[in-house]
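# show me how the following folds:
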Amino acid sequence: MTLITDELSPALDRKFRIQLIENFKEVKKFIDAYSTDESSVAILTKDDLDKFSQELDEKVNRLILGTDENTVRIVVEKILKEKGVI
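Just a heads-up that it's a prediction; the model follows:
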């Protein structure tokens, strides 16, 4: 599974929304493909998917609230590089 981007826009604007939607579409394609592959049924359980879904929800909430430290760090470093500070 490859996400569309991991460099989401720091602003909660149209670009951010589109990036987030595209990433969710990619995750859904992965889950749909995985759930139709009978050889993987024994490997990935409903509990695994529930845990994955909960972790994804928590990550999205942290991104929206701006409290995801790794994402904030990436955004701040990018801005500092753009401004020539680092």
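# can we go C-alpha only for contacts and neighbour counts from here?
OK.
# burial measure for residue 20, as a count.
19 (other Cα atoms under 10 Å).
# any idea how far residue 59 is from residue 66?
Using Cα to Cα, to the nearest Å, residue 59 is found at 10 Å from residue 66.
# how about residue 16?
According to Cα to Cα, residue 16 stands 13 Å off from residue 66.
# low-confidence ranges, the chain, go.
For the chain, the stretches with pLDDT under 70 are 1-6, 8-9, 35-42.
# how does it look with 50?
Along the chain, the model assigns pLDDT under 50 to no residue.
# could you point out the longest helix in it?
Across the chain, the longest stretch assigned as helix under DSSP state H is helix 14-36.
# then it to CSV, C-alphas only?
Written as CSV, here are the backbone C-alpha positions of helix 14-36 (Å, rounded to 0.1, in the frame of the first residue of the first chain):
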residue,chain,number,x,y,z
ARG,A,14,-9.0,22.4,-0.2
LYS,A,15,-5.6,21.0,-1.0
PHE,A,16,-5.4,19.3,2.5
ARG,A,17,-8.9,17.9,2.1
ILE,A,18,-8.2,16.5,-1.3
GLN,A,19,-4.9,14.9,-0.1
LEU,A,20,-6.6,13.4,2.9
ILE,A,21,-9.5,12.0,0.7
GLU,A,22,-7.1,10.5,-1.8
ASN,A,23,-5.1,8.8,1.0
PHE,A,24,-8.3,7.4,2.5
LYS,A,25,-9.3,6.1,-1.0
GLU,A,26,-5.9,4.3,-1.2
VAL,A,27,-6.4,2.8,2.2
LYS,A,28,-9.9,1.6,1.3
LYS,A,29,-8.6,0.0,-1.9
PHE,A,30,-6.0,-1.9,0.1
ILE,A,31,-8.5,-3.1,2.7
ASP,A,32,-11.0,-4.1,-0.1
ALA,A,33,-8.4,-6.0,-2.0
TYR,A,34,-7.1,-7.6,1.1
SER,A,35,-10.5,-8.7,2.3
THR,A,36,-11.2,-10.4,-1.1
